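Asker: After the sequence you'll find the predicted model.
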Amino acid sequence: MQALKDIIRDIHDFPKKGIIFKDITTLLQDAKSYQRTIDLLSHRYVGQHIDKVVGVEARGFIIGSALAYKLGAGIVMVRKPGKLPSETFSKTYDLEYGTDTLEIHTDAIKPGEKILIADDLLATGGTMCAVVDMVQNLGGEIVECCFMAELEFLNGRAKLPEGKVFSLLSF
């Protein structure tokens, strides 16, 4: 795991002064590291009969699509407003610096389907909390929220369903 952590670079003062951004593009560019990451994440869910993986815009698409493929599941995209062509369900949520809104197709998840939510990084948990709410409103059964990495000091997992959070790497 340390080798995977080491390949993720820190970008200081991005997107604003005082933030240390965990840049996963260095891991994604390295074929062996990316493959190892997806293999380790997907192995956790083999045999759990995941119906769909929900990927959160935008880096969650990279993780979610690969997981869906490995698990033989469908992929559902959660996007910013105006990006999905059919009827959507929206959720506006608070950020540390304002609000944001996400959307999902109303027919993307059927009641009772087993759902894995995937994203690259768990920080404060605001975005993922909104996605959890959206999935539950559509009747999906959340198996777990999985992340490539987690910034533990921000305690984002406290906002998510207890016992349903997995992070491959922790910072």
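Answerer: Ah, there it is.

Asker: Quickly list what the most centrally placed residue in the chain is bridged to.
Answerer: Per C-alpha atoms, centre = their mean, the C-alpha nearest to the average position across the chain is that of D119, at 1.7 Å. The residues listed as beta-bridge partners of D119 by DSSP bridges are F147.

Asker: What distance do you get for it to I11?
Answerer: The spacing between D119 and I11, counted by C-beta to C-beta, to the nearest Å, is 19 Å. C-beta here means a position set from N, CA and C on the backbone, and glycine is covered the same way.

Asker: Identify the residues contacting stretch 2-16?
Answerer: Outside of stretch 2-16, the residues that reach it under the criterion C-beta atoms under 8 Å, 6 or more residues apart in numbering are 19-24, 26-27, 30, 33, 36-37, 149, 168-169, 171.

Asker: Narrow these to those in helices?
Answerer: Within the contacts of stretch 2-16, residues falling in helices by DSSP state H are 26-27, 33, 36-37.

Asker: now the residues you listed: which count as buried?
Answerer: 27, 33, 36-37 (16 or more other C-beta atoms under 10 Å).

Asker: My guess is P81 contacts T99. True?
Answerer: No: proximity of P81 to T99 does not meet the contact threshold set by C-beta atoms under 8 Å, at 11.8 Å.

Asker: who's more crowded, these two?
Answerer: Taking other C-beta atoms under 10 Å, P81 and T99 do not tie; P81 has more neighbours (12 against 9).

Asker: A helix includes that one, no?
Answerer: No: counting by DSSP: H, G, I helix; E, B strand; the rest coil, P81 is not part of a helix but coil.

Asker: Is the residue lying farthest from the centre of the chain in a helix, a strand, or coil?
Answerer: Taking C-alpha atoms, centre = their mean as the measure, the residue most remote from the mean C-alpha position of the chain is K17, 24.9 Å away. Secondary structure, three-state DSSP: K17 is coil.

Asker: Fine by me, we can end here.
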